[in-house]
Structures are given as structure tokens and as C-alpha cells.
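A.B. asks: Fold the following and give me the result.
(3 chains)
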Amino acid sequence: MTGTMKWSKRLTIFLFLLPSCAGLLVFSIIPIFYSFVISLTDWNGLNAWDAAAGVPAFRGMGNYAEILSGAEFWRVLRNTFYYIVLYIPLILIFSIAAAVLLNNAFRGMGVYRVLFFIPVLTSWVAGSLIWKWLLSAEYGPVNELLSFVGIQGPAWLQDPTWAMPGIVMASIWKDMGFFSLIMLGGLQGINPNYYEAAQIDGASFWRRFTAITLPLLSPVLFFVMIICVINSFQLFPQVMIMTTDAGPFGATQAMVERIYKYAFKYYKMGYASSFSWILFVIIFVFTVVQFRLQKKWVHYDG
Amino acid sequence: MQKPRILKALSLLAAFALTLVLLAACSGGNNDPEGNGAGTNGAQSAGGDGAKGSGGGAKSGGGAGGKTEQVTVKFANFSGSGDPAPLLEQMRETFEAQNPDVKVEIETIGFGDYFTQMQTRVASGTAPDAYELNYENFVSYAKKGVLLDLQPMFEAAGFDKSVLYEQALDAFQADGVQYGMPASFSNVVLIYNKDLFDQAQTSYPTIEWTWKEMNEAAVSIRALGDDIFGISQGVQFFEFFKAAQQNGGSLLNEDQTAFTINTPENVETLQYMVDRIQKSNVMPTEAQMSGIGDWDLFKAGRLGMILTGVWAFPDFVQNVEFPWDIAVEPGNVQKATHFFSNGLVINKDSKVAEAAYRWIAFMSASKEAAQIRVDGNWELPAVTYPDVLEAYLAITPPDNRQAVFDSLEYLVTPPVIEQFAEMNDTLTLHLAAAAQGAKTPQQALDDAQQELTAKIKLE
Amino acid sequence: MTGSRYMWRALSFYVFASILALFALVPFFWMISTSLKSKGALFIIPIQWLPEQVSFEGYTKIFTLFPFARAIFNSAFVSVASTSITLLSALMAAYVFAKLEFKGREVLFALFLATMMVPGQVTTIPVFLVLKNLGLVNSFTGLLLPSIFNPFAIFMLRQFMKTVHSDFMDAAFMDGASHAGVFRRIMLPLSMPIIATLAVITFMGVWNDYFWPLVILSDREKMTLPLALSQLSGQYANEYNTLMAGSLISMAPIILMYIFAQRYFKSGLQLGGIK
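C.D. replies: You can find the predicted model right below:
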């Protein structure tokens, strides 16, 4: 009996994983390996490879050394951390709040669900145009609002210190609907019996939220955290569109923005590949740490 | 009982999709993976279309049954995006009528991602037979040896070079080899708002003007109101490079072996540009602009003068409600004006190079194509046909269209170096620091000199 | 619960939800208004919330400039096909990662996740070269095939499936069900909310994807919507009214799909009949 179970289990595992693993190999592992080889060369991304003619030239770890010893990399890394520190807590708070709101049964719920999701569907081109205007120093409503409470708003996207917070605001606007939708999926999966029991015990909203919602939502929260960190390190379209040429003094230069420019604008594919491998290692370390820490707060099998 | 239904629907959809995909793969199989045009007969592309039913253009309706010797030229471009699309189509039709043995397949990609895609295609050996490149990228492509030398083509076809502006044709040489032909050209002129000049009781710009007169006019226009500005000129690579020349400076030494970014002439130039923003404020700061472009500021009637390209004409003709005109850009110790051009090139590995050459020569140098451009108000053809040019001059506004050609007398072209785009971005970053007052011009240019010398390889 | 407490909850809900909705909607509203402006009225300061004169210039232009209907059809086909492939493949993989123990599982899963961390920009050219070697460049096959591997989808489904109590499954195994049976009868219905969510997200991603079709397709007849729209952005100036008109038209199907998918958000445990 157990023997056949085992055999059928093995077959299931094999068949169920087959499509994904084939895709993993062909569309991920091979290209990633390829890009590692490229990162060891000075390939310009245009010429055909011709090992006999020495095209591209092999540089060993030369690209890596050049990147890590330059000032640019560290500046870009600092910009990226600045973004993460602002973005992660804000997006978590906003999207949990939105998801909890949406997990109610009031009239018109469906309408709100659609409204919250609309920024996700709005293209960055349209979104950034309007945000440029919202954040404009002279005509922008954000500074208008600030002036009501007696604060002289900064020139946001034109100011090296405030450009990144400006980008963060726009990103929150764009991403809130996306992550709250994922969290809502998690909330909907929570067995309503728990709440009914808590209701009978007369637990307050806050108590229910911290004792039931958060623990049961923790696997989804964990997922959102991981994705947010990865996305933040790969911050790209908003920077490209909102602050042309990476903002005042390069204040909004970000990793992927640099990688894109080196690969497709400066024709330094080898250099760009090395850059992205360094980025990969950074993200990898962060993700591993998060997985280590998850045991402390994520509850599966609720 | 909705569970199996969903799964079934999903599986059905996936199966359906996979079947379609496989079908498409089979019928698309004759798309030669080695790249373009190896088959060289019209059937190749027609076969691809056939898999999906309706053919695209009017010509491909019959499918594979074209004339025996017809070749297909694939052509990619960015400047045909948006409004000019019908004009490009018109050129194709005229060309195909003249060359019944050639079929041109046009692919238009928005400017924003054009070069990303071309790079992927060139790298993988699937580049189109002919394509468009702007000047910055032309240099990189030419230096990397992926373009066809056109000289033998010129000789075989007996091409008369005098029908093109010499400077425009020369711009598409690298290391003395002709790799491209100019599709169109444009330059930068001084565009001004006549109303604001009248209100400030200042006389209109003339060809004799220098920085001094321009500045005086800017100051008196700035005095008209808090949100009215005198002039706008970007503080970026191209404008600085030109202004430096107007002041007798340059970015590189004579034989292009070293940067000369922080010479006294250049520092003085940047000081002049920055003072207009920070000191006299005749030009708006970034904060005062608040993310609006200078074209919009001009169109709103809040800007006296703007130094910008003739590519602004179609927009301004349509959307400017006050009288405006143009003049040759003032210089300081000498005049210098910009010249920009988009070039047409041929893929080195094209199997139909001869037909591709006929197509780009038609687009670049034929009277018919030039006439289509002029009639459609689509950039300037780089040709010297007098009657075409007369037709161009006859269009108003601006009244002083002659200034566009007068400017050609003084044109300067940016240095042809391999890492052009990187040099451009790096210098612009430092210039912006000075423009915002975060660094003095001297500091900014010293830093730029240092970073460029470290980063950019000059041969 | 007393009536007044309910009233308070409802009131605070509407206040908060409306503030957030406003925050979300302002730019969208501006998109609509911009799409109805004539080219000249785009950049008047102060901003024109309502076009002084309504113009359909942007909309008519879209349909005359290129085969827009064709592009909509292509996009619909590609998005439906791609979403189905992704969901099926990811659901199967996620079930294994969540519920079937085997040696090396966590390592394999970590590998899946790790691939998400490599920026797509640098693997574009290698993936393109792989597809070229397979002879799949400029075909829908080449466009769709990579969707068979989607670590984001697998991760998201796995996180959810892990929360499903094993008791449900054990009961089914007692009845002699196979893994395929448990997967179909227990796991799928329980995962409906998250599947619906993922379907919307995946569909949206494919529908809006610009970079990948740009690289892989070159035939005008195969063009998807974002590719068609990108032809509107020029070298010197963008025609925002046309751009916004096009973006709005391309948003409409996803909004409809989202509204449709909503009814599934509520199923799962609540409707599954298993408590």
C-alpha cells in the first residue's frame, strides 16, 4: 500500500513540476548562465561573438572590480536604500488598510474594489505626468495643501533630497491596489468561524486584527514583503519616466536604471551584466535573511 | 459544483492556446531563423501572414503569387511614428511604383524603445535590411562594424552626391567611411514671441545679434511680469557644446585625444548660462518651471525667446496663438549652430543590400521623397533641389524661414566618439549641478573633466 | 451588535474608503479629461480639469493610424493564452511545493525564487538568443512559451496553499483519492480567491507587457496593443491626448475582467462547503 502511494506520489511530483522546471531551465537558468559569461567580457551587445578574433575580450572579474571601486555604485545603492526605507513600511500600512476596508460587506463594496485597483491599471506614462504636476513646486496641489498647515513645500522632483520621496509617493499610489488585492485574497481565505468566536467573546476591532487577522495573514504578508523588497531593488519605470536622466545630480539613479542605460544606451553589455549579478547577490542575501526570519512571525497551517 | 468546471475551462484554454501556438510555429517555420531576407522571395513574408488569415497591407493580398524576381526589403524606423505615418506610407508607394521588383516592409517603433530593440536584433543577427539611426547611435553602430560601407553602392549606382547637403552626408561618415545617408536634417534657431518684444519695446532679433543683445532683450522681457521669462536654453550636453564653440571653446582637443572640458573659455560659457538662471533669472529655474517643458512655457505666451529645433515648427504653427518668428542663433566671439540629422543605414549582413540601398537612396535623396516631406511638414529633407527648397521657404509662419538655411553656414557637429551617449549623460549631470547652483561652474567642469577622462576611451 | 455601532462602522468605512478612492482616482480622471482635449489644449496652466472644448481627435486618430482592432484581438489572444498556461503550470508546481514533501524541495524552491531576483533587462538578449535558436522569433509561440515558468505565481499560490489545513486533504486520502484528485477536488476550490486574484494580475501583466513583445515580434500584423500605442510617442513630443485615449481603451478590458473576477473573490472557504 505504502509502496504504491510512494510511486504515485513520485509520479505526481514529477508530472506536476515538469512544465515549470522545463521553463525554469530554458528561460531562466540558461539565459542567466549566459549573462554570467557575458559579465566576464567587454561585449558591447552589438557584435557577433567570435572567440577566434577575440570578440568580445575576456575581462575576468575586471567589470566587477571596476563597478565596486567606483563612486557611482555606492551612490546608486544609497539611493535604493533610501527608497526601500520609505517605501516598504508605507506600502504595507496602506495596502493592509485598504485590504481590511475592502474585506467588509458594506453596500457599494464592489465599486470601491474597482476604484482602488484603477491606479494599478493606469500606465506609468499617464501616472507620472500627473504626479509631476501634483508635485510641482509652484502649481502643485501637494504643496498647496502643505501651505495650509504653514509648511513651505520643497521642489520635490527637482530637489536632490526630496526627489526620492516624491517617487515613493507615486509608487505607493500605483502599487497600493495591487498589494491590497493580494492581501484581500489572503483575508478572504481566513475561516470566518474565528471571527464569529471572537465576536462572541466581545473582542475589539484592534484585538481581532492583531490576534486573528495578522497571524493568519502572515504567509501572505511574508509574500508581499519578499516581492516588495525585490521590486524595490529593481525600481525602474517610475524613475525613468518621472525624472528624466535620473533626477537632480543623479539623486534618483537606481540599480536597474543604471543597468538598462549601460546595456542599451552606452553599449556596455558586459558591464551591465556584472552590475546585475551584483544586484542579484544583494537581493539574494536580503531574501535569505527574510526567509530565516520568517520562522519568528509567519504562521502556516492556521 | 464549480471546481471541475474551472479546471476544465483552464485546461481547455491552455490546450487551445498550445494548439494555436504549435500551428503558428509550423506555418511560421519557413521564417528563416538565420535572419532576414535569405530566401529573398516575396513568398517568405507572405507565408508568415497566411497563417493568420488576412494579409496586412494592400499589396500582400494575393499572398505568395507575386512576380518571380521580387525581393523584400525590411526597413525599421522611429521617425515615422505618430503623425508622419501616412507620409512614410506615401514614400513606400511611390518607391514601389518606380521599383516593381522591390517590396518594402516598414516597421515603425516609438522612439523610446527603438534602440533597445535594434540592439537586440543586431546582436542576434536578425536586424532588418535597412534602418534608421539618429546621430548619437549612428556613431556607436558605425564604430562597431555592423553597418555596410555605402561607397561601392554609390559607385555602382553612379550616385550624384551634390543633391545632398555636403555636411549632412559627411555627418554619416566614421573613420572616413560612408556608412549612412541623411534622411532628414534639422537645426536649432532662435524662436521669439513678437508680442512680448513689442510690449518690452525691444527690437526684434537679427542675424547681427550676439549674446549681449540677446541678454539685454531677455532682461527687458523678464521685467514685464513675475511669471514672464526672457529666454530658455537647456543646460545640457548639446547646448553647452554649442555655446562653448560660440565662445571659442571646445570639449575635446584638436585631434580628439583628450578632453578640454574645464578650459577658461568653457568655464566662462557655463558661468554665462548659469547666471541667466541664478542671477538675472531671465531664464526660469527648475522650480519655476515645475516640470513643464519650455515649449509649453513658450506656447503659453510666457517666454520671450527659446532656442530650439526646427522640429518645433509643426507644433508651434498649430498651437501658438500670438505672432512669432525666428532668427539665426546669436553667438559670442563667433557663431555656431546645431545640426541634427537622422541617418539611414544598411545592415552589413543584408542579403538584399542592393535593393535596400535603392530604398534608402530614394528616401534620402530623391526629389519625390523630399517633396513629400516638405508638403507634409515633416522635418527637412537634406537635399539641394532648389524648387523643393523654395516650396519649403514659402510656408509661413515663420516669415523668416530663410534663417533655417542661413544657420547652416555656421553649423558645428558634435565629436564622433564611440561612447557618445555616455559622454552626453555624464556631462549633462555635472552641468545640471551647476545650473542648480549646487556647484560653481568651475567646480562642475573640473569634476566633469575628471570623470570623463576616467570613463571615456578616446582613441 | 447594536444599530448605532453598526452605523459608526459603516460611516467610518465610507469616509476612509472614499479618501483612498479619491487618492486613487484623481490621475485617472485627468487621463479621461486629457483624452478628450484637442492637441492644443494639453498644457495650459493652470491645468484644465475639464476640456473647454470636447474633442475626439485622439480617439479617431487611434483607429486611423494603425490596425487597432487587429491589435486588440492579438492582445486578447496572447493574454488569455498566456494566463491559462501560467495558471495551469503554476498551480501544479505550487501544490507540490506546498503539500508534497520530497528531498531537495526547499532547495528547488529557493532556486525558483532566486530567478526572480535577476533583473530581466540583462537576460533579455540571452532569452532572445535561445528562442532564435529554437526558430521561434517573431512568432506567438516564442511570445507565449516563457509564460510556462512564472516564479511569482508559484510563490503566491504556494504561500496560500500552505495555509490550507492538512485535515481537509487527509480526509480525502482516507476516501482513497489520489493526489490529482485532491488537487482538483480540494485544493483548487479552496484556492479560488487567490486563483482569481492571480488570474487578474497575470492577465493584466501580459496585457500591458511592452518590453517582451517589442523584442520578440516584428510583424505589424502580430503587434499587440502596447506596441501599437508606443508608435504614438515620437522623438520630440508625445501626443498625450492620443496616448491617453489609447491607454483608456486598453484599460477597459482589464477593468471589465476585474469586475467579472470579483465574484470569485468571495468563494473558497465561504462557499466551499468545507469548514
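
A.B. asks: Next, see if the one helix or strand A:F33 maps to gets close to chain C.
C.D. replies: Per DSSP states H and E: A:F33 is located in helix A:30-39. Yes - Helix A:30-39 reaches chain C (CB under 8 Å from any CB of the partner chain) through A:30-32, A:34-35, A:38. All C-beta spots, glycine's among them, are computed from the backbone N, C-alpha and C.

A.B. asks: wait, doesn't A:L121 sit right on C:I254?
C.D. replies: Yes - at 5.5 Å, A:L121 counts as touching C:I254 under the criterion of CB atoms under 8 Å.

A.B. asks: ok, back up a step: could I get the residues of helix A:30-39 next to chain C as CSV with neighbour count?
C.D. replies: Shown next, in CSV, are the residues of helix A:30-39 next to chain C (neighbours: other CB atoms under 10 Å in any protein chain shown):
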residue, neighbour count
A:I30, 16
A:P31, 24
A:I32, 20
A:Y34, 18
A:S35, 26
A:I38, 27
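
A.B. asks: ok, of the residues you listed, which one's closest to chain B?
C.D. replies: Set against chain B, the nearest of the residues of helix A:30-39 next to chain C by CB to the nearest CB is A:I38 (10.4 Å).

A.B. asks: so what pLDDT did that closest one get?
C.D. replies: What the model reports for A:I38 is a pLDDT of 91.

A.B. asks: and what of A:P248?
C.D. replies: pLDDT recorded at A:P248 is 69.

A.B. asks: cool, B:G61 as well?
C.D. replies: Listed pLDDT for B:G61 reads 35.

A.B. asks: Could you do C:A41 as well?
C.D. replies: At C:A41, the pLDDT value in this model is 54.

A.B. asks: how about stretch C:209-217 as CSV, C-alpha atoms only?
C.D. replies: The C-alpha trace of stretch C:209-217 is given here as CSV (Å, rounded to 0.1, in the frame of the first residue of the first chain):
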residue,chain,number,x,y,z
ASP,C,209,3.6,43.9,-21.2
TYR,C,210,5.5,46.0,-23.6
PHE,C,211,9.1,45.1,-23.5
TRP,C,212,8.9,41.4,-24.3
PRO,C,213,6.6,41.6,-27.3
LEU,C,214,8.6,44.5,-28.5
VAL,C,215,11.7,42.4,-28.6
ILE,C,216,10.2,39.2,-29.9
LEU,C,217,7.7,40.4,-32.5
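
A.B. asks: list the buried ones in it?
C.D. replies: C:209-210, C:212-217 (16 or more other CB atoms under 10 Å in any protein chain shown).

A.B. asks: repeat for stretch C:19-28
C.D. replies: C:20-21, C:23-28.

A.B. asks: And the helices in the stretch 101-250 of chain A, which stretches?
C.D. replies: Along the stretch 101-250 of chain A, counting by DSSP state H, counting those that start in this stretch, helices occupy A:109-121, A:124-134, A:141-148, A:163-188, A:192-201, A:205-208, A:214-233, A:237-242.

A.B. asks: Same check on the stretch 51-200 of chain B?
C.D. replies: Remark: helices assigned in the stretch 51-200 of chain B by DSSP H, counting those that start in this stretch are B:85-98, B:111-123, B:135-143, B:151-157, B:166-170, B:194-199.

A.B. asks: closest to chain C out of these?
C.D. replies: When the helices of the stretch 51-200 of chain B are compared by CB to the nearest CB, helix B:111-123 sits nearest chain C, at 4.2 Å.

A.B. asks: In terms of secondary structure, what does that closest one contact?
C.D. replies: Packing partners of helix B:111-123 (3 or more CB pairs under 8 Å, 6 or more residues apart in numbering or on different chains; DSSP states H and E): helix A:255-264, helix C:120-133, helix C:211-216.

A.B. asks: Poorly predicted segments of the stretch 1-150 of chain C, please.
C.D. replies: Judged by pLDDT under 70, the stretch 1-150 of chain C has its weakly predicted residues at C:1-3, C:39-49, C:65-66.
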